[in-house]
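# I'd like to go over a predicted model; first the sequence, then the structure.
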Amino acid sequence: MLGPTNTGKTHLAIERLCAHSSGAIGFPLRLLAREVYDRVCAIKGANQVALITGEERIEPKDARWHLCTVEAMPSRPDLAFVALDEAQLSADPERGHIFTDRLLHTRGREETMLLGSSTLQPMVKALVPGAEIVTRPRFSTLRHAGAKKLSRIPPRSVIVAFSAEQVYAMAEMLRRFRGGAAVVMGALSPQTRNAQVAMYQAGEVDYLVATDAVGMGLNLDVTHVAFAGLSKYDGQRQRRLTTAEMAQIAGRAGRHQKDGTFGTLAGLGGRDPEFTDEEVYAIEEHRFPPLTRLFWREAEPRFDSIATLIDDLESPPPRPELATPPQAIDLSVLKLLAEDAETAGSVRGRGSVARFWETCRLPDFRQQGAETHARFVARLWQDLRHGYLGADYVAQAIAHLDVPTGDIDTLQGRIAAIRSWAYIAQRPDWVLARDEMAARARAVETRLSDALHARLTERFVNRRTTVLMRKAGADSALLPVRVSEQGAVLVDDEPIGHLEGFRFVVDPLARAEDRKLLLAAAERHLPAVFARRAAELVAAAGEPDSLSLADNGIAWEGMTVARLETGKALLDPRIRLDPALEKLPTRERALVIAAIESWFARHAEKPLSPLRQLAEASRAGDSGPALRALLLHMAEAGGVLPREGSGVDALDGKQRDVLRRLGVRIGGLDLFLPAALRPAAMRLWSRLATLRGVRHQPPPHGMPPVVEGRTAPAGYRRLGAQALRVDMADKLIQAAHRHRLGSAGKRFVLDPGLARSMGLSTASYSALLRSAGFRVHMARPLGENASGPVAPPLWDWRPPRQYEMRDVSRPTPPPTGAFAALAELIR
């Protein structure tokens with residue numbers, strides 16, 4: 001059967017194979033043989049189907065159907081059906097002579113099928129006169145689409161380049177603005193190639209960059225093929241592709257009855273490839289010059305000597321339709337080693353020559369040239385000429401390559417090397433413990449291939465960008481968006497950033513060119529996520545401990561959701577949502593702010609209640625201007641005022657009763673509200689005072705009785721190098737007065753034990769007493785000895801002028817200073 005690509009020839013061959021009692025199909029590629037093997041196994045059962053390639057052999061005892069590479073096809077007259085795929089490769093300079101031999105000599109007992117291009121038709125008529133030629137047209141059409149820039153190439157496209165460097169460059173550019181591409185090159189192992197193709201077929205990427213290896217053996221869903229070049233190096237020279245080669249590659253576009261397009265890449269810096277009108281016509285109409293000769297080499301040479309073997313392999317073909325091929329790698333290795341006296345001298349007898357030739361036919365998987373490959377073959381021959389390769393030796397060589405680390409080129413080199421050992425391990429006449437060694441080699445190749453696939457994907461695929469680009473259309477609202485427990489935002493399970501409260505932060509590992517795309521994706525898909533989080537915040541605000549006050553506002557799950565701002569009064573701040581929450585819809589925003597305000601009201605109710613009572617009392621009209629000013633000042637000052645200058649001594653008895661009912665203590669040095677000195681109350685007041693711009697030293701954590709330092713925090717009185725909490729200061733002063741009143745004389749001794757228990761130093765205690773009107777008299781030695789023990793100091797007390805008890809029957813003196821101004825304002 002002859003015809004263009006995309007005609008279903010392989011599918012028909014499988015049907016014919018399964019219709020016969022036995023048979024074999026020879027394929028040009030190992031991966032294609034493996035693909036068809038899996039399909040036939042599903043039909044006939046794995047115990048009746050064999051896979052035979054140079055590197056892998058699965059041969060059940062009762063196998064009746066064989067899927068092979070062309071080189072490994074069995075020559076068995078008992079097979080009912082035989083097919084040769086891609087028979088036009090008989091004109092290939094490297095492998096053509098093998099295809100020609102199968103075309104000429106391999107026959108099925110009942111049916112033989114040759115599958116290939118219609119260009120092979122004259123050769124089939126000449127070489128196989130009795131053959132029935134059936135042509136089938138291509139199911140779909142190919143259309144030339146002209147040149148496009150890489151950024152304009154449509155999805156589901158293949159970009160074809162002709163060097164590894166150009167493949168990498170194209171894939172890297174596609175990664176930047178299209179999310180990446182799968183990569184297919186001849187140097188990849190079949191497993192890696194299949195993994196990359198599977199990634200493309202599954203839609204994980206929309207582009208595939210390949211060498212001309214894509215032109216055969218790969219069934220792809222491709223709509224467009226773009227050529228990055230139209231010439232290649234064929235091992236001897238740089239030449240332009242033939243129209244048949246162009247069509248073989250362009251034919252990947254379109255599948256079954258779906259049409260495809262082909263074209264070239266533009267914008268490659270003055271070297272843009274262009275199809276000629278004749279080439280476009282030939283590809284679109286599938287009109288190519290017929291093949292006029294096929295390559296041939298003697299398939300059954302004589303093994304009398306190395307010289308005889310070389311003569312037979314270079315003998316001229318027997319027919320004019322056949323031509324001598326360029327020197328293949330196996331013949332090049334044979335001739336190189338024949339010139340080495342030591343190696344040639346070790347080959348004696350027909351059996352040794354035949355074994356030596358089989359060794360020279362080891363494929364050059366590493367593609368390092370005849371001389372390098374010949375050295376490897378020579379080392380291999382030194383072991384094989386004495387018999388078998390030992391299991392330990394082969395196992396060690398395989399284990400040496402079992403290192404799935406390194407970059408792309410390193411892994412490719414290891415895979416090429418392990419493929420050589422996989423080929424060697426398949427030979428039952430070369431290796432002891434063949435099955436075990438072959439299994440080890442396949443396992444290592446699989447691990448290396450998986451690692452190479454991962455490296456290619458890591459380098460050339462940005463799954464995140466691929467997902468976002470694919471879903472950027474009208475169906476973007478259907479894209480699954482979720483937030484992980486760690487706060488990562490996942491779009492179709494690909495991370496694009498994380499949430500800090502209600503703020504989206506782009507993944508810090510994202511490239512600069514990806515940031516705009518990620519932000520756009522977040523704006524498109526995150527409103528629903530934010531709405532859910534807003535509902536969670538509203539629910540959390542009903543719990544007492546779910547939210548907390550932070551230095552910069554109100555926090556939820558460690559993130560600021562609202563900020564406190566100055567209100568009408570210090571104790572009544574306004575609450576403003578964090579800017580990140582301002583983007584919420586109006587309804588959700590109103591619910592959130594109402595919930596946060598409710599939480600703050602509950603949170604502040606107990607700590608601020610004493611101060612709010614003072615503020616409320618300051619608004620009572622019958623309190624009098626002086627008392628109202630004092631209460632207002634105390635409320636704003638956190639419930640603590642120095643007694644001096646406060647105006648308290650100007651209040652009458654009724655007004656002082658009001659202070660006592662409100663819980664205010666009138667101490668010797670300070671007026672204070674004990675309830676306001678609790679840690680929670682003082683801490684909350686300090687935050688509000690800071691918002692209001694009230695200058696103060698923030699209170700220490702836990703409000704201990706004494707703190708070190710020469711500045712007094714809010715609620716404390718400075719005493720030299722220490723500061724004492726005002727209620728503790730009043731306690732010490734009251735204790736000193738009780739001791740004074742209980743002493744017989746004017747001078748008395750004060751016990752500093754209580755002060756020391758608070759952590760107050762002697763110097764600070766003395767400073768406190770002096771502030772309260774106590775005077776110390778120098779201590780004198782006991783007895784006549786001046787150096788003897790010193791008696792404790794004696795104290796007396798003289799009330800400070802501003803604290804003298806006044807006659808309440810006299811008129812209240814007016815307040816002075818700031819209080820006078822405040823009282824006048826209230827009045």
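Arrived safely, thanks for sending.
# Tell me how far residue 257 lies from residue 137.
Distance of residue 257 to residue 137, given as Cβ to Cβ, to the nearest Å: 12 Å. Every C-beta, even on glycine, is put in place using the N, C-alpha and C of the backbone.
# What of residue 571?
Distance from residue 571 to residue 137, by Cβ to Cβ: 90 Å.
# The two: who's more crowded?
residue 571 (21 against 12; other Cβ atoms under 10 Å).
# Just to check, the more buried one is in contact with residue 611?
Yes: Residue 571 is within contact range of residue 611, at 5.8 Å (criterion: Cβ atoms under 8 Å).
# chain center to stretch 288-303, what's the gap?
53 Å (Cα atoms, centre = their mean, to the nearest Å).
# Provide a list of residues in contact with residue 223.
154, 155, 156, 157, 253, 254, 258, 260, 261 (Cβ atoms under 8 Å, 6 or more residues apart in numbering).
# From what I see, the second one and residue 207 are in contact.
What that stands for is residue 155. Yes: applying Cβ under 8 Å, one finds residue 155 in contact with residue 207, separated by 7.2 Å.
# Which helix or strand contains the residue nearest to the spatial centre of the chain?
Centroid check for the chain by Cα atoms, centre = their mean gives residue 495 as the closest residue, at 6.4 Å. Element membership of residue 495 [criterion: DSSP states H and E] is strand 494-500.
# Export only the CA atoms of the helix or strand following that strand, formatted as CSV.
Following strand 494-500 in sequence order, the next helix or strand is strand 503-506 (DSSP H and E). Output of strand 503-506 as CSV, limited to C-alpha atoms (Å, rounded to 0.1, in the frame of the first residue of the first chain):
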residue,chain,number,x,y,z
ARG,A,503,-3.3,40.9,49.6
PHE,A,504,-2.1,38.7,46.7
VAL,A,505,1.7,38.4,46.5
VAL,A,506,3.2,37.1,43.3
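# Buried residues in strand 503-506, which are they?
By neighbour count on 16 or more other Cβ atoms under 10 Å, the buried set for strand 503-506 is 503, 504, 506.
# Out of the residues you listed, which comes closest to residue 308?
Taking Cβ to Cβ as the measure, residue 308 lies nearest residue 506 of these, at 72.5 Å.
# how close does that closest one sit to residue 580?
14 Å.
# Give the buried subset of the contacts of residue 223 as a PyMOL selection command.
A single PyMOL command selects the buried members of the contacts of residue 223 (16+ other Cβ under 10 Å):
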select buried, resi 156+157+253+254+260+261
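# Can you add pLDDT, secondary structure and distance to residue 351 and give the contacts of residue 223 back as JSON lines?
Formatted as JSON lines, the contacts of residue 223 follow (pLDDT from 0 to 100; DSSP: H, G, I helix; E, B strand; the rest coil; distance: Cβ to Cβ, whole Å):
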{"residue": "154", "pLDDT": "91", "secondary structure": "coil", "distance to residue 351": "60"}
{"residue": "155", "pLDDT": "90", "secondary structure": "coil", "distance to residue 351": "59"}
{"residue": "156", "pLDDT": "91", "secondary structure": "coil", "distance to residue 351": "55"}
{"residue": "157", "pLDDT": "93", "secondary structure": "strand", "distance to residue 351": "54"}
{"residue": "253", "pLDDT": "86", "secondary structure": "strand", "distance to residue 351": "52"}
{"residue": "254", "pLDDT": "80", "secondary structure": "coil", "distance to residue 351": "52"}
{"residue": "258", "pLDDT": "81", "secondary structure": "strand", "distance to residue 351": "56"}
{"residue": "260", "pLDDT": "90", "secondary structure": "strand", "distance to residue 351": "53"}
{"residue": "261", "pLDDT": "94", "secondary structure": "strand", "distance to residue 351": "57"}
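# what's the farthest-apart pair in the contacts of residue 223?
155 and 254 (15.1 Å).
# Please, where are all the helices along the stretch 51-200 of the chain?
96-105, 121-127, 164-178, 190-201 (DSSP state H, counting those that start in this stretch).
# Show me what the shortest one packs onto, helices and strands only.
In this case it means helix 121-127. Contacts defined by 3 or more Cβ pairs under 8 Å, 6 or more residues apart in numbering; DSSP states H and E place helix 121-127 against helix 96-105.
# Alpha carbons of stretch 43-60, in CSV - could you do that?
The C-alpha coordinates for stretch 43-60 follow below in CSV (Å, rounded to 0.1, in the frame of the first residue of the first chain):
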residue,chain,number,x,y,z
ILE,A,43,-6.1,-7.6,21.0
LYS,A,44,-4.3,-11.0,21.1
GLY,A,45,-2.9,-11.1,24.6
ALA,A,46,0.6,-10.5,25.8
ASN,A,47,1.5,-14.2,25.9
GLN,A,48,1.2,-14.5,22.1
VAL,A,49,2.9,-11.3,21.0
ALA,A,50,6.6,-10.6,20.8
LEU,A,51,8.6,-7.4,20.7
ILE,A,52,12.0,-7.7,19.1
THR,A,53,14.3,-4.7,18.8
GLY,A,54,18.1,-4.2,19.2
GLU,A,55,17.7,-3.1,22.8
GLU,A,56,14.6,-4.9,24.0
ARG,A,57,13.3,-8.4,23.4
ILE,A,58,10.1,-9.8,24.8
GLU,A,59,9.6,-13.2,23.3
PRO,A,60,7.0,-15.4,24.9
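# Pull the residues that contact it.
18, 30, 33-34, 37, 40-41, 62-69, 71-74, 363, 419, 422-423, 426, 438, 441-442, 445.
# Report the distance from that stretch to the chain centre.
40 Å.
# just to revisit the earlier point, pull out the buried residues from the contacts of stretch 43-60.
Buried residues within the contacts of stretch 43-60, counting neighbours by 16+ other Cβ under 10 Å: 30, 33-34, 37, 40-41, 63-69, 71-73, 363, 419, 422-423, 426, 438, 441-442, 445.
# From the residues you listed, which land in strands?
65, 66, 67, 68, 69 (DSSP state E).
# Packing partners of the top helix by length along the chain?
As assigned by DSSP state H, the longest helix anywhere in the chain is helix 586-617. Applying 3+ Cβ pairs under 8 Å, 6+ apart, one finds that helix 586-617 contacts helix 512-540, strand 547-550, strand 553-556, strand 559-569, strand 572-577, helix 625-636, helix 679-692.
# Most tightly packed of these?
helix 625-636 (a mean of 23; mean count of other Cβ atoms under 10 Å).
# next structured bit after that helix?
strand 640-642.
# quick revisit: so for residue 289, which of the helices and strands packed on helix 586-617 sits nearest?
The nearest among the helices and strands packed on helix 586-617, by Cβ to Cβ, is helix 512-540 at 46.7 Å.
# pLDDT on the closest one, on average?
When pLDDT is averaged over helix 512-540, the result is 72.
# Please apply the same query to stretch 327-337.
94.
# ok, residues contacting it?
So stretch 327-337 is contacted by 94-95, 97, 297, 306, 309-310, 313-314, 343-344, 356-357, 360-364, 370-371, 373-374, 377-378, 381 (Cβ under 8 Å, 6+ apart).
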